[in-house]
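Everything below, folded, please.
(chains A, B and C)
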Amino acid sequence: MATIELLKVEKRFGELQAVKPLDLTISDGEFVVLLGPSGCGKTTTLRMISGLETVTSGRILLDGRDVTYKHPSERDVAFVFQFYALYTHLSVRQNIAFPLQAQGEKRELIDRRVKEVVDILRIGHLLRARPGKLSGGDQQRVALARALVRRPAAFLMDEPLGALDAELRETMRAEIKNLHIAQHATTVYVTHDQIEAMAMGDRIVVMSDAEVQQVGSPAEVYYDPANLFVARFIGSPGMNLVNGHFAEGLVRLQGTNRYAVPPAWKKPLAQALEGREEVVLGFRPEAAHVNPNGALSGEVYASDMHGGYTVLHVNIDENEIVHIRSDRQTSPAIGTPVRFDLDPEMVRFFDPRTEAAVRREALR
Amino acid sequence: MARFAEHGPRAPVIEAVRVDKVNPRSRALRRFIAFIAVVVAVIMLIPVLVMGITAFKTRTDILASPPKVLFKPTLEGFVYLLFDRAIATQSRLEELEQNAKAGKLGLLDRIALQAGMEITGPSDYVSRLRNSVIITGISTVFSVLLGLFAAYAFSRFKVPGKGDLLFFILSTRMLPAVVVTIPLFLMYRQLGLYDRHLGMILLYITFNLSFSVWLLKGFIDEIPKEYEEAALVDGYTRLQAFFRVVLPQAVTGIAATTVFCLIFAWNEYAFALMLTSQRARTAPPSIATMLGSGGLEWSAIAAGSLGFLVPVVIVTFALRKYLLRGITFGAIRG
Amino acid sequence: MSQVELKGISKRFPGVQALDGVSFAFEHGEFFVLLGPTGAGKTTTLRIIAGLERQDQGSVLLDGRPIDALTPAERDVAFVFQQYSLYPTMTVYDNLAFPLRSPLRKTPEAQVKSRVEDTAEKLRIAHLLNRKTAQLSGGEMQRVAIGRAIVRQPRLFLMDEPLSNLDAKLREALRVELKHLQKTQGSTTLFVTHDQIEALTMADRIAVLNEGRIVQQGSPVDIYDRPATTFVAQLVGTPRINLLEAGRNGGTVSVKGSGLSLTAPRLPLPESFLLGIRPEDIRPEPKGAFLGKVFLTEPLGVETILHIRCGELTLLSLVPGMAAQRVGEELRFGILQEKLHYFGLDKKRITAE
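Got it, this is the predicted structure:
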């Protein structure tokens, strides 16, 4: 197992900058998730770490060793693809043994390792089958076994659950995470699904437009997003972000709503905005509580049943829709007026000019 | 599931780059290797260059030993190629020389005069070239057209015995041409197709069809059938959907197939030699057997080959984008 | 828009019975979702309704009239594919205009223009009209695909997992838009998906399909609160329902493989049966009746999934916010007994009959 360091790693395709200079250190045994929408540069970054993609500038260190120009086979990493990339002409057992055979290991060692890995992933009953005949989940388990058998320094996974049904994704997510805990393997995992990132990651690297937006634990990116993008991207649905004007301890929202800023925020806000009035108020759907005496009001625009809970879409101005999470009992009809409060611990503010979050600690 | 446009003919073909080769330190070495490769390529092209030069040499220069690299270029070869000549009698020679001095003789006549001959009329070459163009052109058009419809049917419809039929079609290319030449000759004579344009056209279509069906089927297979189905649901008949939806996307494949069929028919030698004589003979057999007074006219042969090469090179060059795609279709993507 | 009915549709492909006696119906303006795992037969059903596939048995009726003999063009339905429905060689405008320009319709160009522009407005792609489709993002492409269906104003919309190929975030956004659009247009829509969140949030009614058979039909609330079989119970709801083997002994129910024992409900329970507990009905409680050990935590932000090991079983529990529990900790928890689901060994729901 190993540490991975990216030092100002950059990738350009001609004029196009796919990954802006990026610094990242991944500790031994950490599960780091590269999260972002399509085209943000996360897969390119992963491929650079693996050696499948060249680096335009910068260095990549694996356990202190400079591997920037090393061939993938010399980097001691295992790559798990979204579409399994299993050899359909070989049996499952041959697929798993393949990497070790390619390295010229002894037969005895190969047999031993294969058995080990097959037991861990519980695919012993599939050894003779051809990959083409297996279900998606089983194929992915075989792909994981093939990566595991090499005992590499690091595992690199490129959206491995993307091709699976929603149901199976949940199960495999827990399996991969359990595997990681048992093996204590350094893992870099790429996904566009923030639920996966939150559930699995020790740390999440949120990327957008070739740039890193924030690096932090699930709690950090959820409760203290660094900017508007992270606030919107993390959470399902993302954070409600409402434009308003701040003056004298009140935020005036577009319509008639006025929100009294919690005392702890008054000073930091005044300082961060430096006399400007424009501010963005952010709150997560579960931070809003429907309450007949609530401070904020609006009209029900739609309501979604989500199984155990309901999401109310509330129109608080002309077409400023916020999402409020409530229990199943409250599902009022479209057009019903509704009042709600915000949990003062959970509100956040952003500077619309820089899109950055305002920190609660006074900036002195 | 897959991201958008990652499959099908529009998918980007990502070229793999060797990470260890990008190392700045290895760049000098690679440049040197590249230089060697270029040198070798040039050496490979020498026969073609020699042929080109030969077309512009005089007879004596051609036969000179050691070979002459620097020489005085002449259009002699082209004259020999394009015109029939006769050895002029003494009196004619004097007459012609007088005309030359008076400036009344054309360039080509003067060239012929230098070798002691006069031009009597156009040679067969032009008509042979014309035959080549007609036969190749028509046979290519039909090979591709029929191949296109057949390929679409094989790709989209449930054809009974599809696998067997496709194999059968492919098997027509397994025979060496020589084996069937005699039977064909006899058949053609009976049918009155010997030495006829139609005979050669039909023959080339038959042989090209196997290739064009297989190649085009591969291309059409790559076009997701959802495109036509969307058109069907929107109110188009299958034929309309074929023309408006499939064809524009198959253009790459069609161009590639056209070039391949064209090259085959254009260069075809064995059948052209055996199944034609005067009327429908194409250029390849006639170039090789160009006789002049005193042996093979090398300069004429070289000129003829050059003239024959040029149209194909032009067409292929114009369609090179499509050709490249044609070779790599079905390659690993993403 | 029309009332749509399927009567006993069956279809066999070489080696597999894709559909077996599928019957359901839905009304004008309804958003009807066909939910099922991959391979259940959802796409086949859609293709049969569109006319791209011919059924072996059964009949499809639109407005009370069978349409089995009609070609796809004549049926006046619009199909949105999962991918590959846009013509890459044409601009967005031409793509949207394509259905209207078909020989079947022969719409005058002026009308084509107004319809196309109208539709583009509705889907917020008016600024993309002159672009080639290859230059669009995934979400924009799907909007154009939906636009192509809308522009025709057909009797029925058929959508084959149109959101599956999109990023998670994009899916969420488009889901809300699609539902809003459907409600304002009042278009009868049959939407097929394997994603149960899509089904629950968008549908007026859901039909669950498995291996070619309809397993349950009903509103989202019906499907979630009263699943007819274990299959439906496991299909709908994230995280998955805990399905445990249990036995009845007089007045107590004991879960096999753990030490859990609960009061038996007033239902005709057999000796051996299956117990279903939704993760949100298992809650850590300091004075809880049951004991277990935390095996894995999945913090999702708004809630956390706890994997609790109890004897030989692993139970999933859903707690709000960031859970304080750590892996390896011992945990006391309670179970909401009124919310339990009981299924016989035949996998069917046990009701008080």
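
What is the least confident helix or strand in the chain?
Since no chain was named, I'll use chain A. Of all helical and strand segments in chain A, the minimum by mean pLDDT, DSSP states H and E falls on strand A:296-305, at a mean of 86.

look at chain C instead
That would be, for chain C by mean pLDDT, DSSP H and E, helix C:168-185 at a mean of 84.

hmm, who's touching the next helix or strand after it?
The first helix or strand that comes after helix C:168-185 along the chain, using DSSP states H and E, is strand C:189-193. Contact partners of strand C:189-193, identified using Cβ atoms under 8 Å, 6 or more residues apart in numbering or on different chains, comprise C:4, C:26, C:30-35, C:42-43, C:45-46, C:49, C:156-161, C:163-164, C:182, C:198-199, C:202-203. For the C-beta atoms, the positions are set from N, CA and C on the backbone; glycine is no exception.

at 6 Å what do you get?
Residues from elsewhere that reach strand C:189-193 (Cβ atoms under 6 Å, 6 or more residues apart in numbering or on different chains): C:31-34, C:42, C:46, C:157-161, C:182, C:199.

again, but for stretch B:47-59
Contact partners of stretch B:47-59, identified using Cβ under 6 Å, 6+ apart, comprise B:Ile62, B:Phe71, B:Pro73, B:Thr74, B:Glu76, B:Gly77, B:Ser299, B:Ala302, B:Ala303, B:Ser305, B:Leu306.

Tell me which two of those sit farthest apart.
Distances among those were taken as Cβ to Cβ; the most separated pair is B:Phe71 and B:Ser305, at 18.6 Å.

Between these two, tell me which one has more neighbours.
The neighbour comparison of B:Phe71 against B:Ser305 (other Cβ atoms under 10 Å in any protein chain shown) goes to B:Ser305, with 20 against 15.

Go ahead and flag the most central residue of chain C.
C:Ala199 (3.3 Å; Cα atoms, centre = their mean).

tell me which strands and helices the host helix or strand of it is in contact with?
Secondary structure assignment for C:Ala199, by DSSP H and E: helix C:196-202. With contacts taken as 3 or more Cβ pairs under 6 Å, 6 or more residues apart in numbering or on different chains; DSSP states H and E, helix C:196-202 sits against strand C:31-35.

rerun that using 10 Å as the cut-off
helix A:166-183, strand A:296-305, strand C:31-35, helix C:168-185, strand C:189-193, strand C:205-210, helix C:220-225, helix C:230-235 (3 or more Cβ pairs under 10 Å, 6 or more residues apart in numbering or on different chains; DSSP states H and E).

is chain B contacted by the fourth one?
When you say that, I think you mean helix C:168-185. No. Helix C:168-185 is not in contact with chain B by Cβ under 10 Å from any Cβ of the partner chain; minimum separation 11.0 Å.

can you redo the contacts of strand C:189-193 as JSON lines with distance to C:Glu245?
Output for the contacts of strand C:189-193, formatted as JSON lines (distance: Cβ to Cβ, whole Å):
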{"residue": "C:Phe31", "distance to C:Glu245": "37"}
{"residue": "C:Phe32", "distance to C:Glu245": "35"}
{"residue": "C:Val33", "distance to C:Glu245": "31"}
{"residue": "C:Leu34", "distance to C:Glu245": "31"}
{"residue": "C:Lys42", "distance to C:Glu245": "31"}
{"residue": "C:Leu46", "distance to C:Glu245": "37"}
{"residue": "C:Phe157", "distance to C:Glu245": "43"}
{"residue": "C:Leu158", "distance to C:Glu245": "41"}
{"residue": "C:Met159", "distance to C:Glu245": "39"}
{"residue": "C:Asp160", "distance to C:Glu245": "37"}
{"residue": "C:Glu161", "distance to C:Glu245": "34"}
{"residue": "C:Gln182", "distance to C:Glu245": "42"}
{"residue": "C:Ala199", "distance to C:Glu245": "28"}
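
Which two of these have the greatest separation?
Greatest spatial distance in the contacts of strand C:189-193: C:Lys42 and C:Gln182, 18.5 Å, computed using Cβ to Cβ.

Pick out whichever of the two has more residues nearby.
Neighbour totals were compared for C:Lys42 and C:Gln182, and C:Lys42 leads with 25 against 20 (other Cβ under 10 Å).

In chain A, what residue spans correspond to helices?
Assigned by DSSP state H, the helices in chain A fall at A:42-50, A:92-102, A:107-121, A:136-148, A:166-183, A:194-200, A:218-223, A:228-233, A:263-273.

How far off centre is the first one?
When you say that, I think you mean helix A:42-50. Offset of helix A:42-50 from its chain centre (Cα atoms, centre = their mean, to the nearest Å): 15 Å.

now stretch A:146-166
On Cα atoms, centre = their mean, the centre of stretch A:146-166 falls 16 Å from the chain's centre.

same thing with stretch C:126-146?
On the basis of Cα atoms, centre = their mean, stretch C:126-146 is displaced by 26 Å from the centre of the chain it belongs to.

Okay, buried residues for stretch A:3-16 please.
Using 16 or more other Cβ atoms under 10 Å in any protein chain shown as the burial criterion, the residues of stretch A:3-16 that qualify are A:Thr3, A:Ile4, A:Glu5, A:Leu6, A:Leu7, A:Val9, A:Glu10, A:Lys11.

Redo these as CSV? Include distance to chain B.
What follows is the buried residues of stretch A:3-16, written out as CSV (distance: Cβ to the nearest Cβ, whole Å):
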residue, distance to chain B
A:Thr3, 20
A:Ile4, 16
A:Glu5, 17
A:Leu6, 15
A:Leu7, 17
A:Val9, 13
A:Glu10, 14
A:Lys11, 12
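
between the helices of chain A, which gets nearest to C:Leu244?
Of all those, helix A:166-183 comes closest under Cβ to Cβ, at 16.2 Å.

If we ignore the residues flanking it in sequence, what's nearest whichever residue of the stretch 251-353 of chain C sits closest to chain B?
Among the residues of the stretch 251-353 of chain C, C:Leu300 lies closest to chain B, at 22.7 Å counting by Cβ to the nearest Cβ. Nearest non-adjacent residue to C:Leu300, counting by Cβ to Cβ, 6 or more residues apart in numbering or on different chains: A:Met198, 5.0 Å away.

isn't the one you found right up against A:Ile204?
Yes. Counting by Cβ atoms under 10 Å, A:Met198 does reach A:Ile204; the two are 7.2 Å apart.

So which of those two has more stuff around it?
A:Ile204 (28 against 25).

average pLDDT across stretch B:226-245?
For stretch B:226-245, the mean per-residue pLDDT is 87.

Of all the residues in it, which ones are buried?
For stretch B:226-245, by 16+ other Cβ under 10 Å, it's B:226-236, B:238, B:240-242, B:244-245.

again with stretch A:266-276
A:Pro268, A:Leu269, A:Ala270, A:Ala272, A:Leu273.

and it, how far out from the chain's middle?
With Cα atoms, centre = their mean, you get 31 Å for stretch A:266-276.

Not counting it itself, show me its contacts.
Outside stretch A:266-276, the residues within contact range by Cβ atoms under 10 Å, 6 or more residues apart in numbering or on different chains are A:245-249, A:251, A:260-262, A:265, A:279, A:349-354, A:356-364.

Got a ChimeraX select line for the buried ones in those?
Buried subset of these, written as a ChimeraX selection, criterion 16+ other Cβ under 10 Å:
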select /A:246,251,261,262,265,279,349,350,351,357,358
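
the domain parsing of chain C - what is it?
What automatic domain parsing lists as the domains of chain C is C:4-235, C:242-343.

Point me to the residue of chain A nearest chain B.
A:Tyr69 (3.8 Å).

so that residue touches A:Met48, yeah?
No. Shown here, A:Tyr69 and A:Met48 do not form a contact pair, counting by Cβ under 10 Å, at 11.5 Å.

Find residues that contact each of these two.
With Cβ under 10 Å, 6+ apart as the test, A:Tyr69 and A:Met48 both reach A:Thr54, A:Val55, A:Ile60, B:Val19.
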